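K.L.:
Show me how the following folds:
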Amino acid sequence: MDLNHCLVEKKGHILTVTLNRPENKNALSAGMLVGMYRAWRLLDDDDDLRVAILTGTGDVFCAGADLKAMGGGSEPDEELEKVRAEVPDMHWQALLRANRPTKPIIAAVEGFAVAGGTEILQGTDIRVAGEGAVFGVTEAKRGLFPLGGSSVRLRRQIPYTLAAEILLMARHVTAQEALQYGLIGRVVPDGETLAEAMKIAEVIADNGPLSVKALVRMLHEIDESYSEFDALEKEIEIGGPCFSSKDAREGPRAFREKRKPVFTGE
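P.N.:
Numbering: from 1, shown residues only. Alright, predicted model coming up:
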């Protein structure tokens with residue numbers, strides 16, 4: 001298991017997670033899954049971290065599962081199995097299918113983000129793509145099933161009939177199509193996605209961390225299945241405690257004093 005397949009860098013309040021297997025189009029590996037799992041738990045556990053960026057080395061985001069390895073009947077990785085014994089759903093946590101962090105994740109996508117690449121994307125919060133990026137959930141073409149969450153999430157994040165086309169036809173969509181559908185939020189010139197994601201991350205990192213965490217929780221937990229009444233009740237439950245924090249006093253104070261607030265997450 002090569003843990004260098006997932007590079008993790010902390011800089012200030014920002015965690016950058018880089019899928020690092022360019023010779024295999026950043027296809028998922030045991031080391032990559034373990035690295036991502038540990039990165040998301042670090043993001044949750046380190047109070048100094050406020051936001052993360054997920055990107056890929058080179059001109060590919062992630063081509064999903066390593067089909068060559070799957071087809072070759074490779075032996076199970078003993079170290080991976082050891083981690084799974086301790087955390088049975090480690091791989092689902094790594095792919096943001098389960099136990100998503102309580103802090104925002106920004107995807108910076110260059111090139112192909114297909115199959116597992118698009119599945120991971122749906123677990124992120126803000127998405128930036130290069131003009132040449134390509135998306136798709138292509139498991140049906142290989143006789144597989146997208147267990148990373150796409151059969152549930154995709155139809156909730158874009159119009160139903162478009163989700164059906166992507167899933168059932170296993171067709172690719174361009175960055176402009178993905179932007180039009182709402183699967184991503186921004187398109188920038190190729191090679192500039194990480195810089196754009198960093199600008200977004202810096203804005204978020206300057207905001208009140210308790211406010212951001214509460215907003216992320218609302219975005220993740222409260223969807224259209226809630227009635228408006230129940231959703232508004234949850235808003236009070238989740239967002240109300242922010243007003244009794246030290247940060248809630250610091251924000252207005254800094255505004256009055258015409259300075260940048262210094263938030264501590266307290």
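
K.L.:
How about Leu80, nearest residue that isn't a chain neighbour?
P.N.:
Of all residues not flanking Leu80 in the chain, Ala30 sits nearest, at 4.0 Å (CB to CB, 6 or more residues apart in numbering). In short, each C-beta sits where N, CA and C put it, glycine included.

K.L.:
quick one: average pLDDT of the longest helix along the chain?
P.N.:
For the chain, the helix with the greatest residue count under DSSP state H is helix 30-45. Averaged across helix 30-45, pLDDT comes to 96.

K.L.:
Just the buried residues of it, please?
P.N.:
Buried residues in helix 30-45, counted by 16 or more other CB atoms under 10 Å: 30-43.

K.L.:
now swap in stretch 225-244 and tell me
P.N.:
With burial defined by 16+ other CB under 10 Å, the residues of stretch 225-244 counted as buried are Ile238, Cys242.

K.L.:
how far away is the closest residue to Ser245 other than its chain neighbours from Val34?
P.N.:
Nearest non-adjacent residue to Ser245, counting by CB to CB, 6+ apart: Leu210, 5.3 Å away. Computed as CB to CB, to the nearest Å, the Leu210 to Val34 distance reads 30 Å.

K.L.:
Which parts of the stretch 151-266 of the chain are helices?
P.N.:
Listed in chain order, the helices of the stretch 151-266 of the chain (DSSP state H, counting those that start in this stretch) span 160-169, 175-181, 193-206, 209-221, 228-239, 246-256.

K.L.:
Touching the second one from outside, list them.
P.N.:
When contacts are taken as CB atoms under 8 Å, 6 or more residues apart in numbering, the neighbours of helix 175-181 outside the stretch itself are 129-135, 158-159, 162, 173, 184-187.

K.L.:
From the residues you listed, list just the buried residues.
P.N.:
Buried subset of the contacts of helix 175-181 (neighbour count, 16+ other CB under 10 Å): Ala129, Gly130, Gly132, Ala133, Val134, Phe135, Ile158, Leu162, Val173, Ile184, Arg186, Val187.

K.L.:
just checking, the third one touches Asp190?
P.N.:
Yes - taking CB atoms under 8 Å as the definition, Gly132 is a contact partner of Asp190 at 4.9 Å.

K.L.:
pLDDT at Leu147, what is it?
P.N.:
Predicted confidence (pLDDT) for Leu147: 95.

K.L.:
Around it, how many other residues sit close by?
P.N.:
When neighbours are defined as other CB atoms under 10 Å, Leu147 has 14 of them.

K.L.:
Skipping adjacent residues, who's closest to it in space?
P.N.:
Spatial nearest neighbour of Leu147, chain neighbours left out: Arg97 (7.8 Å); criterion: CB to CB, 6+ apart.
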